[in-house]
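# Here is my input; please provide its structure:
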Amino acid sequence: MPGGCIGPLATMNEPGLSSDKSGNCLLVVDNPKRWKLPLEGVSIIRARDYLAPGSGKVPARMRVFNLCDSYAYQSLGYYVSLLAEARGHQIVPSVATLRDFRSLNIARALGSEIDEIIQANLKDQRGSDFSLPVYFGQTVVAAHAKLGAQLYRLFPAPLLRADFTYHGRWLLSSVMPLALDDFPLDQQERIAGFAASYFRKRHQRRPPKQRFLYDLAILVNPAEHTPPSNPRALQLFAECARETGFHTEFIQHEDAGRICEFDALFIRETTAVNHPTYQLARLAHAEGLVVIDDPWSILRCANKVYLAELLSRARLPAPPTRILTAQDLVSGSLDELEFPQVLKLPDGAFSRGLQKVASAEELLAALPEMLRHSDLILTQKFTPSDFDWRIGVLDHQALFACKYYMARGHWQIYNWSASSPGKQSGKSETLHVEFVPPAVIDLACKATRLIGDGFYGVDIKQIGKQLLLIEINDNPSVDAGVEDAALGRELYRRVARSLRRRIELARS
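Numbers count the residues shown, from 1 in each chain. Just a heads-up that it's a prediction; the model follows:
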């Protein structure tokens with residue numbers, strides 16, 4: 001990059017590194033002499049040195065930032081990210097992000113997640129093309145700061161450029177990494193400030209007197225009407241995490257810019273794919289955090305159509321299921337259905353988005369409104385029961401077992417139309433897992449192995465000896481006084497110990 005150095009450099013040519021002297025950030029570049037931004041507590045190393053034999057001795061708690069000129073497949077920059085992941089280092093950008101850079105379809109798909117922000121931010125922009133550089137998560141033009149922050153969340157990379165085209169509305173057409181030579185000369189001072197702030201957040205240390213091993217962020221939303229955990233349960237999660245060695249902090253979506261300060265993220269807000277919870281899970285995973293719920297579990301559990309196909313291919317018992325589209329409104333192909341049926345929106349949660357219909361006429365009347373929300377609707381044969389099993393599964397093992405009884409006078413666990421909150425849900429009964437029929441536990445664990453090794457809630461109906469899988473939920477409810485009624489504090493300790501094991505396994 002042209003121009004003189006605007007401050008002191010911390011450079012390094014040997015792969016062995018002590019984080020006690022250098023902070024916990026390692027910057028990998030093609031040529032350290034071209035790095036012109038002053039950074040304290042950040043060590044800079046050549047890509048070839050990082051890739052050399054023996055560089056895996058870099059401490060496991062080191063965060064590695066790949067600022068090579070090229071991330072093309074099999075380039076030095078590509079291998080820096082690839083080997084960093086193999087060594088258990090926390091690498092930005094990850095190999096997954098590098099793949100996202102190369103895919104036009106992914107750029108457009110992820111851009112649709114922040115479409116409202118794009119339209120609001122660029123509404124006064126003239127012309128048919130616009131490029132926005134994002135330096136260390138920030139933008140030179142303050143008016144584009146919110147859009148830049150959202151782009152960094154979707155494509156976690158220190159230096160990137162987003163290109164937009166206008167076709168009646170602004171569309172994200174591509175996202176590309178920037179090289180060091182792409183810094184505009186007249187903005188170097190501003191960008192130096194962005195870099196200093198970016199890396200300062202990534203090597204903050206807790207006061208020694210606290211003596212915690214790791215940092216845990218618990219994502220909550222105080223405004224959520226039916227959160228996965230009540231206030232007492234959240235307090236118990238935090239207390240037991242501290243007992244396990246975590247400095248614990250409750251965060252909200254607005255704290256996404258600080259996610260890199262933590263070692264793990266535990267999501268206690270209702271998740272959805274088209275929602276900030278998924279974006280934050282994805283960002284945290286890209287930043288090297290252990291995440292429960294991880295983004296792929298959210299993707300797999302959040303859509304009932306996907307789950308129905310998954311359970312069918314695995315030959316696990318479930319109610320007879322069919323997928324409906326708008327074509328079924330005119331084809332008259334519903335005669336083979338056995339009524340009553342339960343219509344389900346693919347992304348409904350907490351018994352919302354469900355409707356019971358007693359005939360083909362009722363189904364056809366209900367379908368148009370539901371198709372306004374999704375092109376595919378799930379219908380399942382209604383199977384009445386007094387209760388549903390909810391088996392909580394963590395690390396492929398049953399953690400808790402509840403019987404959720406139907407709301408009084410209603411066919412669901414939740415009756416959202418009830419006149420008072422006290423009548424909206426049925427009673428519950430919590431058992432030690434060893435007192436649950438072994439077949440129920442076995443089915444729940446088989447089902448979650450199709451999803452991952454995270455924290456899930458499996459809903460199962462039992463009619464006599466017959467078991468039917470209803471759904472697999474990521475982010476299962478854990479309320480104090482309900483799901484913890486059998487294990488007590490031990491439930492929260494097991495979750496905390498799982499998070500710690502995951503961190504140590506990733507860094508071992």
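# Please count neighbours and contacts with C-alpha atoms only from this point.
Fine.
# Assess the claim that residue 475 and residue 272 are in contact.
No. Look at residue 475 against residue 272 with CA atoms under 8 Å: they stay out of range, at 10.1 Å.
# and these two? which has more neighbours close in?
residue 475 (26 against 20; other CA atoms under 10 Å).
# Against residue 229, how distant is the more buried one?
Residue 475 sits 10 Å away from residue 229, going by CA to CA, to the nearest Å.
# Lowest-scoring secondary structure element of this protein by mean pLDDT?
Using mean pLDDT, DSSP states H and E, the weakest-scoring helix or strand in the chain turns out to be strand 11-12, at a mean of 34.
# Residue 475: what's it in contact with?
228, 267-271, 292-293, 455-457 (CA atoms under 8 Å, 6 or more residues apart in numbering).
# What about those, which one has the most neighbours?
Neighbour counts for those, by other CA under 10 Å, peak at residue 456, which reaches 31 neighbours.
# Report the residue spans of the protein with pLDDT below the cut-off.
For the chain, the stretches flagged by pLDDT under 70 are 1-23, 38, 53-61, 104, 106, 201-210, 330-333, 348-353, 408-411, 413-424.
# next structured bit after the strand or helix carrying residue 97?
Residue 97 belongs to helix 95-102 when assigned by DSSP states H and E. Once the chain leaves helix 95-102, the next helix or strand it forms, by DSSP H and E, is helix 104-113.
# which other helices and strands contact that next one?
The contact analysis (3 or more CA pairs under 8 Å, 6 or more residues apart in numbering; DSSP states H and E) places helix 104-113 against helix 95-102, strand 170-177.
# which element is residue 126 on?
Secondary-structure assignment from DSSP H and E places residue 126 in no helical or strand segment.
# still on that earlier bit, out of the helices and strands packed on helix 104-113, which one sits most buried?
The highest average neighbour count among the helices and strands packed on helix 104-113, using mean count of other CA atoms under 10 Å, belongs to strand 170-177 at a mean of 21.
# so how far is that one off the chain centroid?
The chain centroid and the centroid of strand 170-177 are separated by 22 Å, computed with CA atoms, centre = their mean, to the nearest Å.
# Would you mind telling me which of the helices and strands packed on helix 104-113 is nearest residue 390?
helix 95-102 (33.7 Å; CA to CA).
# residue nearest the centroid of the protein?
residue 281 (2.2 Å; CA atoms, centre = their mean).
# Checking my notes, it in a helix, right?
Yes. Under DSSP: H, G, I helix; E, B strand; the rest coil, residue 281 falls within a helix.
# any idea how far residue 399 is from it?
23 Å.
# And for residue 487?
Using CA to CA, residue 487 is found at 9 Å from residue 399.
# Looking at these two, which is more packed in?
residue 399 (23 against 17).
# in which helix or strand would I find that one?
Counting by DSSP H and E, residue 399 is part of strand 397-405.
# And for residue 250?
Assigned by DSSP H and E, residue 250 falls in strand 246-251.
# what about the helices in the stretch 151-300 of the chain?
188-201, 231-243, 276-286, 295-301 (DSSP state H, counting those that start in this stretch).
# Show only the entries of the contacts of residue 475 found in strands.
Counting by DSSP state E, the part of the contacts of residue 475 found in strands is 267, 292, 455-457.
# Please verify my assumption that residue 134 contacts residue 163.
No. Contact criterion CA under 8 Å: residue 134 and residue 163 do not qualify, at 11.1 Å.
# These two - which one has more neighbours?
More crowded of residue 134 and residue 163, by other CA under 10 Å: residue 134, with 27 against 16.
# For residue 199, see how far away the more buried one is.
In terms of CA to CA, residue 134 sits 15 Å off from residue 199.
# same check, this time on residue 407
Distance, residue 407 to residue 199, by CA to CA: 52 Å.
# and what of residue 39?
8 Å.
# To what extent is the nearest residue to residue 188 once chain neighbours are set aside buried, counted in neighbours?
Nearest residue to residue 188, sequence neighbours excluded (CA to CA, 6 or more residues apart in numbering): residue 37, at 8.0 Å. The number of residues packed near residue 37 is 18, by other CA under 10 Å.
# now swap in residue 356 and tell me
Around residue 356 there are 20 residues (other CA under 10 Å).
# Show me what the helix or strand hosting it is packed up against.
Per DSSP H and E, residue 356 falls inside strand 354-357. Strand 354-357 is packed against strand 341-344, with contacts defined by 3+ CA pairs under 8 Å, 6+ apart.
# What pairs with the strand it packs on, parallel or antiparallel?
strand 354-357 (antiparallel), strand 377-381 (antiparallel) (DSSP bridges).
# Alpha carbons of the longest one, as CSV, please.
This file holds the C-alpha atoms of strand 377-381, laid out as CSV (Å, rounded to 0.1, in the frame of the first residue of the first chain):
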residue,chain,number,x,y,z
ILE,A,377,-48.2,-26.3,3.9
LEU,A,378,-48.0,-29.5,6.0
THR,A,379,-51.0,-31.6,6.8
GLN,A,380,-50.9,-34.5,9.2
LYS,A,381,-53.6,-36.9,10.4
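# so what strands line up beside the next helix or strand after that strand?
Downstream of strand 377-381, the next assigned helix or strand under DSSP H and E is strand 387-394. Strand 387-394 sits in its sheet next to strand 397-405 (antiparallel), strand 455-463 (antiparallel), going by DSSP bridges.
# Please save the CA atoms from the lengthiest helix in the chain in CSV.
The single longest helix within the chain, with elements called by DSSP state H, is helix 489-507. Only the C-alpha atoms of helix 489-507 are listed here, as CSV (Å, rounded to 0.1, in the frame of the first residue of the first chain):
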residue,chain,number,x,y,z
ARG,A,489,-30.0,-27.3,39.5
GLU,A,490,-28.3,-30.4,38.0
LEU,A,491,-30.2,-29.7,34.7
TYR,A,492,-28.5,-26.3,34.4
ARG,A,493,-25.1,-27.6,35.5
ARG,A,494,-25.3,-30.3,32.7
VAL,A,495,-25.9,-27.6,30.1
ALA,A,496,-23.0,-25.5,31.4
ARG,A,497,-20.7,-28.5,31.5
SER,A,498,-21.6,-29.4,27.9
LEU,A,499,-20.7,-25.8,26.8
ARG,A,500,-17.4,-26.1,28.6
ARG,A,501,-16.6,-29.5,27.1
ARG,A,502,-17.4,-28.2,23.6
ILE,A,503,-14.9,-25.3,24.0
GLU,A,504,-12.2,-27.5,25.4
LEU,A,505,-12.7,-30.2,22.7
ALA,A,506,-12.5,-27.6,20.0
ARG,A,507,-9.2,-26.3,21.4
